[in-house]
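J.: Structure for the following, please:
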Amino acid sequence: MSINSQKINVNSNKLTQVILTSILCSSLFTSSVFAADISFEIEGVNTQPSKIYAQLFNSQDSYSKGEAFSATYLQAKQGINKVIFTNIPVGQYAIRFFQDENNNGTLDTNLFGMPSEGYGFSNNAKPNYGPVGYQDAAFTVTEQQDPVINQTHIIY
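T.: Now for the predicted structure:
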């Protein structure tokens, strides 16, 4: 009976060492994850008292589904408006935004489905007989960039 309890104690000590080593290694790897800030500058915004809503997407699929990786808004001002997304990991991203000129929280459209409020995309991507695709608006965040700066001009 004493032999079995010694084996259990030895196995228990080895298991504890393995668990502690795993925790230590995982904390070393997770602490070195790179994150950058994205500064998105929107030019040509009008003086209409309103908000600018911006969404950051991290894949074609999330862009198509409208499932933003991150989203924010700011009070619109005339001239250049700057949207900041912080602690963004390395990867490919696209941004789309609109100026909510009537403050109803949605991008309004006309009878033909065209936006009737200011809008735009990263990389200054422009629609061409349909919505802007993810690849047209996509840009890459790398470990060498901090902050990432992307500029566009609002479309009215």
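J.: As a check, name the ranges of all strands in this protein.
T.: Counting by DSSP state E, the chain has strands at residues 35-45, 51-57, 70-75, 79-89, 91-100, 119-121, 139-141, 148-153.
J.: and the angle from the second one to strand 35-45?
T.: This means strand 51-57. With axes from the mean of the first three to the mean of the last three C-alpha atoms, to 10 degrees defining the directions, strand 51-57 sits at 140 degrees from strand 35-45.
J.: now what about strand 51-57, what contacts it?
T.: Contact with strand 51-57 is made by 38, 40, 42, 45, 63, 66-76, 81, 83, 85, 88, 93-100, 103, 105, 107, 134, as judged by C-beta atoms under 8 Å, 6 or more residues apart in numbering. For glycine as for every other residue, the C-beta is placed from the backbone atoms N, C-alpha and C.
J.: from what I can see Asp100 touches Thr106, true?
T.: Yes: here Asp100 reaches Thr106: they are 7.3 Å apart, a contact under C-beta atoms under 8 Å.
J.: These two: which is more packed in?
T.: Counting neighbours by other C-beta atoms under 10 Å for Asp100 and for Thr106 shows that Asp100 has the greater number, 19 against 10.
J.: what's the spacing between the more buried one and Ala76?
T.: 8 Å (C-beta to C-beta, to the nearest Å).
J.: Now the common contact residues for these two.
T.: Common neighbours of Asp100 and Ala76 (C-beta under 8 Å, 6+ apart) are 50-52.
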